[in-house]
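>>> Sharing a sequence plus its predicted fold:
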Amino acid sequence: MREGGDMTSAAEAPVQTEMRDGVGIVALNRPDKFNCLSSVVMAGLDEALAMFEGDRKVRAVLLLARGKNFCTGADLDEVLDARRERGRLEAFITGGHRVLRRLEVSPLPIVAAVNGLCLAGGLELMMACDVVFAGQSAQMGCQHARYGLVPGWGGTQRLARIVGSRRALDLMFSGRWLKADEALAWGLVNHIVDDSALAGMAEAYCADLAKKNPGGLAAMKQLCRNGLDGSLQEGLDMERSAVVDALMGENVSEGLAAFRERREPLFR
């Protein structure tokens, strides 16, 4: 990985990485295949995240896609080939689960920039991210039911958690596509921007995150994610422990000093 502007992977690599201003950029690079997700792509995403998590200069990750579309789901050629053996199918699904779960539990904030079509496994990938920017022309859907399929990479679980079970079932049963404004109203995305400004706005957001206390952001993410799986009291107990840890840390001292001195903090 180089810092600046040169992609480390060859132009034809299915996943490309770059680092700028504390932001790790991961790009799906199969535009001729609608950026569909193969086991090779999933391995590339896993490797990219591992690399950025191991680099202290990286404070946030931006996930985007080359071409006109974000991602239209799993690589059907690989799925059809894997149907010959149950074990291969299970390995393919399990591999996707592991990578998407890694996005959720990563200490780094993961921001998605979604353009064009974001369908099926692409929607599942998007939902595993922390913050989502969508271009005005973006469309999202869970079209498995149209073809007799069942969501396999967390669609039934994450969608219901994000939008509620009634909306989730409606979207899965019907297979219809949501436009960006409806996805925003449902809480599937956070921000809608002009298509031409999508990558720039999402990267600027990540660059701002990169200036913040990385430990604080990681704690917020962990508390929000884990708190949904337990009781309110369990969540409050976790929060109390996390805030005491934060207040005892050097970065909070730097933040408070910067506030008193009316300057921008320099977090480690």
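Looks like it arrived, so ask away.
>>> Walk me through the domains of this structure.
Here the domain assignment for the chain is 15-209, 214-261, based on automatic domain parsing.
>>> For the first one, give the mean pLDDT please.
This means domain 15-209. The average pLDDT within domain 15-209 is 96.
>>> Can you check the distance spanned by it, start to finish?
23 Å (CA to CA, to the nearest Å).
>>> roughly how far is it from the heart of the chain?
6 Å (CA atoms, centre = their mean, to the nearest Å).
>>> all strands of the protein, in order?
15-20, 23-28, 60-65, 110-114, 117-119, 131-135, 139-141, 177-179, 191-193 (DSSP state E).
>>> residue contacts, the residue most central in space within the chain?
Residue closest to the mean C-alpha point of the chain, counted by CA atoms, centre = their mean, is residue 129 at 2.3 Å. If you count contacts by CB atoms under 8 Å, 6 or more residues apart in numbering, residue 129 has them with 63, 103, 110, 111, 112. From N, CA and C alone the C-beta is placed, and that goes for glycine too.
>>> and the two most separated of these?
Farthest pair in those (CB to CB) is 103 and 111. Separation: 10.7 Å.
>>> for the lengthiest helix in the chain, packing partners?
For the chain, the helix with the greatest residue count under DSSP state H is helix 86-105. Counting by 3 or more CB pairs under 8 Å, 6 or more residues apart in numbering; DSSP states H and E, the packing neighbours recorded for helix 86-105 are helix 39-53, helix 76-82, helix 121-127, helix 214-227.
>>> just these: most buried one?
helix 121-127 (a mean of 28; mean count of other CB atoms under 10 Å).
>>> Give me the contact list for that one.
35-37, 63, 70-74, 96, 100, 103, 112, 114, 118, 132, 140-142, 151-155, 158-159, 162, 188.
>>> Just the buried ones from those?
Burial of those was assessed by neighbour count (16 or more other CB atoms under 10 Å); the buried members are 35-37, 63, 70-74, 96, 100, 103, 112, 114, 118, 132, 140-142, 151-155, 158-159, 188.
>>> for the nearest residue to residue 67 once chain neighbours are set aside, what are its contacts?
Sequence neighbours aside, residue 31 is the residue nearest to residue 67 in space, at 2.6 Å (criterion: CB to CB, 6 or more residues apart in numbering). Counting by CB under 8 Å, 6+ apart, residue 31 touches 65, 66, 67, 68, 69.
>>> of these, buried ones?
By 16+ other CB under 10 Å, those give 65, 66, 67, 69 as buried.
>>> Those: which two are farthest apart?
Across the buried ones among the contacts of residue 31, the two lying at the largest distance from each other (CB to CB) are 66 and 69, at 9.4 Å.
>>> which neighbours do these two share?
What both residue 66 and residue 69 touch, as defined by CB under 8 Å, 6+ apart, is the set 31, 35.
>>> What are the phi and psi values at the residue nearest to residue 104 when sequence neighbours are not counted?
Distances taken as CB to CB, 6+ apart put residue 128 closest to residue 104, at 5.4 Å, once the chain neighbours are dropped. Phi and psi for residue 128, reported as degrees, to the nearest 10, are phi -80, psi -10.
>>> Give me the neighbour count for residue 128.
By other CB atoms under 10 Å, 23 other residues sit near residue 128.
>>> give me every residue that touches residue 28.
Residue 28 touches 14, 15, 35, 41, 63, 64, 65, 66, 70, 71, counting by CB under 8 Å, 6+ apart.
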